[in-house]
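Colleague: got a predicted structure plus its sequence, pasted below:
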Amino acid sequence: MFKQQDALDVGHMYCYVDAAKSMALNPEEKMIHTSCAACGDEVCIFNVVPTTEDDRKKFASRDRSWQTVDPRLLEYKK
């Protein structure tokens, strides 16, 4: 959807919702992208993985540092 609208940057930001929702529900795990359409990949593919103590601290801090919890989104951001 974001690709058709030439809005991949907006889509990329929206994708952070996936990790945030999963960590808010259960801080012990996170849903991350292994493939992300808003990052230019063909489709979105997700994986649920355990969080680290650092992930949980960053998420609890409520500052922007928590955005590093999804490696695929972080890779696109660079």
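Modeller: All right, it came through fine.
Colleague: buried set for the host helix or strand of L73?
Modeller: Element membership for L73, per DSSP states H and E: helix 71-77. Neighbour counts using 16 or more other CB atoms under 10 Å place R72, L73, Y76 of helix 71-77 among the buried residues. For every residue, glycine as well, the C-beta is placed using N, CA and C.
Colleague: what do you get for stretch 38-46?
Modeller: Across stretch 38-46, burial judged by 16+ other CB under 10 Å covers A38, C39, C44, F46.
Colleague: quote the end-to-end distance of that stretch.
Modeller: Distance between the two ends of stretch 38-46: 13 Å, counting by CA to CA, to the nearest Å.
Colleague: now do it, average pLDDT.
Modeller: For stretch 38-46, the mean per-residue pLDDT is 89.
Colleague: could you do stretch 12-23 as well?
Modeller: The model assigns stretch 12-23 a mean pLDDT of 85.
Colleague: list the buried residues for that stretch?
Modeller: Within stretch 12-23, judged by 16+ other CB under 10 Å, the buried ones are H12, C15, D18, A19, A20, S22, M23.
Colleague: do the same with stretch 47-58
Modeller: Neighbour-count burial for stretch 47-58 [16+ other CB under 10 Å]: T51, D55, R56, K58.
Colleague: now the strands: where do they sit in this structure?
Modeller: Counting by DSSP state E, the segments of the chain that form strands are 29-35, 45-50.
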